[in-house]
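Visitor: Here you go, sequence then predicted model.
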Amino acid sequence: MSRANPRGQKMTADARLIVPLDLPTTDDARRMVEQLGDAVSFYKIGLELLASDGMTLAHELKASGKSIFLDWKLHDIGATVERSARVLAQSGCDLLTVHAEPQVMKAAVKARGDSSLKILAVTVLTSLTDADLVEMGYSFNARDLVERRVRQAIECGVDGIVSSPHEAALAREIAKEAGKPDFLIVTPGVRPDWSAKNDQARAATPADAIRAGASHLVCGRPITAANDPREAALKVVGEIAGL
């Protein structure tokens, strides 16, 4: 049955909530979509399903009226990224991630052309801590590296970024200063108070992420690993609606 928001109205999907279909097979993903029903309208298809038949599933979901986020984090020489992004721009999907390096971002923006596909630049993975970045050879902490990459993303003409909820406010401030009020800020690492953090080092609640400036939330295991995924999704929708 459908949940009601604080005003007693029936709650269904909120397009700001993106549920990742990080499941072993496309059949598992289809079953999850069926369980979630009208509670979710936006799905992320990542590398796990890309390795099987992810694009077939993406086309099926688009045909049923869902929005699709291809979280493939393209990262290669500019020419290869451009060719790949050009193919994906014709898929009808809504979002595509690339790594936030200028050469990569410029290639993806060029390949997108006048299609409806929006390019998102991945700043710093939400599983990484400042210590991890030092180990990798960076001289920036996570916040400073995100700031640098957000500014570069805007200069390169991408449509938005992916970052931890903890850097969402910083990204939103930079975007506003640059005259980009509609700049997308997609935040993984969203964990409601009633769920475990799992491998997310820089997590936040759905409400906190939205307040900080996120345009979209990616919330996975608290929903897909729940005993009742649809109920869990509606709890997240309720948290957003209650702001």
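Guide: Yep, that arrived. Since this is a predicted model, take the numbers as computed values, not measurements. Residues are numbered from 1 along each chain as shown.

Visitor: which intervals of this structure have sub-threshold pLDDT?
Guide: 1-11, 195-203, 243 (pLDDT under 70).

Visitor: Quick one: the helices in it, in order.
Guide: Taking DSSP state H, the helices of the chain run over residues 26-36, 47-50, 54-63, 78-89, 102-112, 130-136, 142-156, 168-177, 206-212, 221-224, 229-241.

Visitor: between those, which one is nearest to Ala15?
Guide: Among these, helix 229-241 comes nearest to Ala15, with 10.3 Å by CB to CB. Heads up, the C-betas are built off the backbone N, CA and C, glycines and all.

Visitor: and that closest one, how far from the chain's centre?
Guide: Counting by CA atoms, centre = their mean, to the nearest Å, helix 229-241 is centred 17 Å from the centre of its parent chain.

Visitor: now swap in stretch 88-102 and tell me
Guide: Computed by CA atoms, centre = their mean, the chain-centroid distance of stretch 88-102 equals 12 Å.

Visitor: which strand in the chain runs the most residues?
Guide: In the chain, assigned by DSSP state E, the strand with the most residues is strand 67-74.

Visitor: Other residues contacting that strand?
Guide: Contacting residues not belonging to strand 67-74 are listed as 15, 18, 20, 41-47, 50, 58, 61-62, 81, 84-85, 88, 91, 93-99, 104, 108, 122, 186, 218 [CB atoms under 8 Å, 6 or more residues apart in numbering].

Visitor: What strands flank that strand, and is each parallel or antiparallel?
Guide: strand 42-45 (parallel), strand 95-99 (parallel) (DSSP bridges).

Visitor: Any chance you could list what contacts the longest one?
Guide: The set of residues external to strand 95-99 that reach it, using CB under 8 Å, 6+ apart, is 67-75, 81, 85, 88-89, 104-105, 107-108, 117-122, 158, 162, 184, 186.

Visitor: The first one now?
Guide: When contacts are taken as CB under 8 Å, 6+ apart, the neighbours of strand 42-45 outside the stretch itself are 13, 15, 17-22, 29, 33, 54, 57-58, 61, 66-71, 94, 216, 218.

Visitor: of these, buried ones?
Guide: Buried members of these, scored by 16 or more other CB atoms under 10 Å, are 13, 17-22, 29, 33, 54, 57-58, 61, 66-71, 94, 216, 218.

Visitor: Next, the contact list for Ala232, please.
Guide: Contacts of Ala232 (CB under 8 Å, 6+ apart): 222-223, 226.

Visitor: Give the buried residues for stretch 79-87.
Guide: Using 16+ other CB under 10 Å as the test for burial, stretch 79-87 gives 81-82, 84-86.

Visitor: which residue packs closest to Gly37, ignoring adjacent ones?
Guide: Spatially, and ignoring its direct neighbours in sequence, Gly37 is nearest to Arg230 (5.8 Å; CB to CB, 6 or more residues apart in numbering).

Visitor: quick one, what contacts the one you found?
Guide: Arg230 sits in contact with 35-37, 39, where contact means CB under 8 Å, 6+ apart.

Visitor: which of those residues has the most neighbours?
Guide: The member of these that has the most neighbours, counting by other CB atoms under 10 Å, is Ala39 with 24 neighbours.

Visitor: So it versus Val19, what's the distance?
Guide: Shown here: Ala39 relative to Val19, a distance of 9 Å by CB to CB, to the nearest Å.

Visitor: Please identify every residue contacting each of the two.
Guide: Ala233.

Visitor: how about the contacts of Ala232 in a markdown table, adding distance to Asp132 and neighbour count?
Guide: Converted to a markdown table, these look like this (distance: CB to CB, whole Å; neighbours: other CB atoms under 10 Å):
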| residue | distance to Asp132 | neighbour count |
| --- | --- | --- |
| Pro222 | 23 | 23 |
| Ile223 | 26 | 27 |
| Ala226 | 29 | 16 |
